[in-house]
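Asks: I'd like to go over a predicted model; first the sequence, then the structure.
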Amino acid sequence: MHPQSRQDYVSVSFAGQGNGGYNNSKQWRRKSCWRKWKQLSRLQRSLILFILVILFICGIASYPVFIAQLRDTEEDTDSIPHVLPEASVKGRPPLPEQPSQRKLSNKRGPPILQNRIQKKGNTSDTVARDKVVDSKNGKKETGVISWQGTEIDTDQATEGTKENKEGSRGSQELLSKQADASRLEAVQEAFRHAWKGYKDFAWGHDELRPVSKSYNEWFGLGLTLIDAMDTMWILGLKEEFEEAKAWVAKELTFDKNVDVNLFESTIRILGGLLSTYHLTGDIVFLDKAKDIGSRLMPAFNTPSKIPYSDVNIGKGTAHPPRWTSDSTVAEVTSIQLEFRELSRLTQEPLYEAVVAEIMKQVHKLDGKLDGLVPMFINTNNGQFTHQGIYTLGARADSYYEYLLKQWIQGGKKENQLLDDYLQAIEGVKKNLLQKSSPNGLIFVGEVSHGQFSPKMDHLVCFLPGTLALGAHNGLPADHMDLAKKLMKTCYQMYVQMETGLSPEIVHFNMHQGSTRDIDVKLADRHNLLRPETVESLFYLYRFTKDHKYQDWGWEILQNFNKYTKVSSGGYTSINNVRDPDYPSPKDKMESFFLGETLKYLYLLFSDEPDLINLDKYVFNTEAHPLPIWPSTV
């Protein structure tokens, strides 16, 4: 026990300044603390300073994680749906049964597969459908937050509940149509924003550099403008179209001393001009197509009839790349749709003859693996080179696409093309298909000298759409089954990334016990605004009418807006899809973002089957629709 305190008086003295009275000033306290600090030994002072430095470093390191946790918590709260359930909208199947709501992981790195689907799926239609409910009730839209061009509706809670109670079939159909209309408007707005950047900073040049507000020249032929013209027509952007048409008519000339790539100029320029001619009927586009087509012909003057990769369209000369005498197999076998159509329009058979000769030679060449072709072919002897490597990615991809599409373009009469295509698909099934772990995603890998590699380019995501197109044209039903499985995989290449955008290349895990399906190497984390996944989503939706494909495309568009949109105009490729805080812009907008990506998104969100009817048109590999030839029987 403590003894009781004594009741005597106690005298207390305080050290002061001047008069010796009590002084609690800040200056006095600082001096007192400094004396105490000086009384400590050098070891004690060093130890305290070391601890403070460690705490400071830990604070800096933990700050981004804290911010990410805060954002994830906000997103988790926002992801709880307050709108009409998917299952109650006519024509839209119910979503798979989801596990009960729970707080998602805040850890950096790929989120758990099911959680990412649940989180993103719940929000994919919220914006469009909530806006529809507001417009339906005659209300002005309120509570809309704009962040980097992405509009997020914050007034979700009450209107969705009202719509859910109505239960009217007619109103449900109207809701679905108006939601689709808002998505179409979102694509138009994205195109206008991209076009603004091009018009302001790169008009008449090949590619926009949106971050530096400048341009990049490749061929010096207004590549983005020509590539985008039929997109503007399809999207109904008549004012922008007329501006571009005036430039083509008055400014575009091919009489230039410049080397162009045969493949790229064929699919982008020749294909774009032919497509725009067919959609508009304006002869100026056909005249320009004839001009560039004739100037590309010197590329076919080789000993083997396998064309050179490069042509000087002003001098009329052609040559292989400086480092090799080889051409890429995909490039020489993916120019046929365009030159065949040019022959049909001009009644000049030479255009079709030179590209048909390529297909005949490739058909009979040795070096294939169950219909799969190597990536290179020699322009001198016409033989495959670098044999033993088989991929559906870069340098081989569109060979398989054009086998099917030439068969369709010509009225399904050229059986050699069909046979090569069917054999190649069987070769894919036999040699390149595998499953990932732990979720069993079906993917298309590569074979190198007998060894399988679980590497898959984003370019391979053209395949689901091509398989679906073949099934629509009477090919085996299991092609559609495979298309749906691969479509799911391509979608996962987006949703398993922190930005919701796919990298250029992924590697799939195949070992039992893997915790995630997809790995991405540092050098492969860039996104170039590529179209292949949304291209396949368009085909899958057009043939199945399963609205989940539209929802997936809507998520992708929102993430393009969030991470690649540049405020002054345009969209930029990014270097790192794994870092949502700083995806690292590459400062380049490829022409195919306007020519393909936005066009396929618009067609995906449209429910008009005659908007580029797939029984009347076939798309080239740059998304330019060309007519299927009428039957002569």
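Replies: Cool, got the structure.

Asks: When you work out contacts or count neighbours from here on, use the C-alpha atoms and nothing else.
Replies: OK.

Asks: Show me the helices in the stretch 201-350 of the chain, by range?
Replies: Under the criterion DSSP state H, counting those that start in this stretch, the stretch 201-350 of the chain contains helices at 223-235, 238-250, 262-264, 271-280, 283-296, 329-332, 336-346, 350-364.

Asks: got it, and the stretch 351-500 of the chain?
Replies: 397-409, 415-431, 463-472, 478-495.

Asks: Out of those, flag the one nearest residue 225.
Replies: Nearest of the helices of the stretch 351-500 of the chain to residue 225, taken as Cα to Cα: helix 397-409 at 23.3 Å.

Asks: So for the closest one, mean pLDDT?
Replies: Per-residue pLDDT values over helix 397-409 give a mean of 98.

Asks: of the helices of the stretch 351-500 of the chain, which approaches residue 579 most closely?
Replies: Taking Cα to Cα, helix 478-495 is the member of the helices of the stretch 351-500 of the chain nearest to residue 579, at 13.2 Å.

Asks: Contacts made by the closest one with the rest, please.
Replies: With contact meaning Cα atoms under 8 Å, 6 or more residues apart in numbering, helix 478-495 is reached by 116-117, 441-443, 458, 461, 463-465, 467-468, 470-471, 500-503, 506, 518, 533, 536-537, 540, 552, 556.

Asks: still on that earlier bit, arrange the helices of the stretch 351-500 of the chain in TSV, one row each, with distance to residue 546 and mean neighbour count as further columns.
Replies: TSV is the format used below for the helices of the stretch 351-500 of the chain (distance: least, Cα to Cα, whole Å; neighbours: other Cα atoms under 10 Å):
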stretch	distance to residue 546	mean neighbour count
helix 397-409	23	24
helix 415-431	24	17
helix 463-472	13	24
helix 478-495	11	21
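
Asks: Could you work out the end-to-end span of stretch 573-581 for me?
Replies: Distance between the boundary residues of stretch 573-581 (Cα to Cα, to the nearest Å) amounts to 15 Å.

Asks: Stretch 408-415 now?
Replies: Distance between the boundary residues of stretch 408-415 (Cα to Cα) amounts to 11 Å.

Asks: which residues of the stretch 151-300 of the chain score low on pLDDT?
Replies: 151-173, 175 (pLDDT under 70).

Asks: Rebuild the helices of the stretch 201-350 of the chain as a markdown table, extending it with distance to residue 37.
Replies: Converted to a markdown table, these look like this (distance: least, Cα to Cα, whole Å):
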| stretch | distance to residue 37 |
| --- | --- |
| helix 223-235 | 68 |
| helix 238-250 | 73 |
| helix 262-264 | 73 |
| helix 271-280 | 77 |
| helix 283-296 | 83 |
| helix 329-332 | 75 |
| helix 336-346 | 83 |
| helix 350-364 | 85 |
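
Asks: which residue ranges form the helices in the stretch 501-633 of the chain?
Replies: Using DSSP H, counting those that start in this stretch, helices in the stretch 501-633 of the chain cover 532-544, 548-563, 591-592, 598-605.

Asks: Out of those, which gets nearest to residue 48?
Replies: So among those, helix 548-563 is nearest, using Cα to Cα, at 43.5 Å.

Asks: possible to save the helices of the stretch 351-500 of the chain as TSV with distance to residue 320?
Replies: Formatted as TSV, the helices of the stretch 351-500 of the chain follow (distance: least, Cα to Cα, whole Å):
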stretch	distance to residue 320
helix 397-409	19
helix 415-431	27
helix 463-472	29
helix 478-495	34
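
Asks: Which one, of these, ends up nearest to residue 450?
Replies: Residue 450 lies closest, by Cα to Cα, to one member of the helices of the stretch 351-500 of the chain: helix 415-431, at 9.6 Å.

Asks: quick check: angle from the closest one to helix 478-495?
Replies: Relative orientation of helix 415-431 and helix 478-495, computed by axes from the mean of the first three to the mean of the last three Cα atoms, to 10 degrees: 60 degrees.

Asks: Okay, angle between helix 415-431 and helix 463-472 too, please.
Replies: Orientation check (the same axes, to 10 degrees): helix 415-431 against helix 463-472 gives 130 degrees.

Asks: Tell me which residues touch residue 194, please.
Replies: Taking Cα under 8 Å, 6+ apart, one finds 569, 570, 571, 594 in contact with residue 194.

Asks: With residue 573 instead?
Replies: 526, 527, 528, 529, 564, 585, 586, 587, 588, 589, 590.

Asks: Most neighbours among those, which one?
Replies: Counting neighbours by other Cα atoms under 10 Å, residue 589 leads the contacts of residue 573 with 28 neighbours.

Asks: For that one, name its beta-bridge partners.
Replies: Here residue 589 sits in beta bridges with residue 208, going by DSSP bridges.
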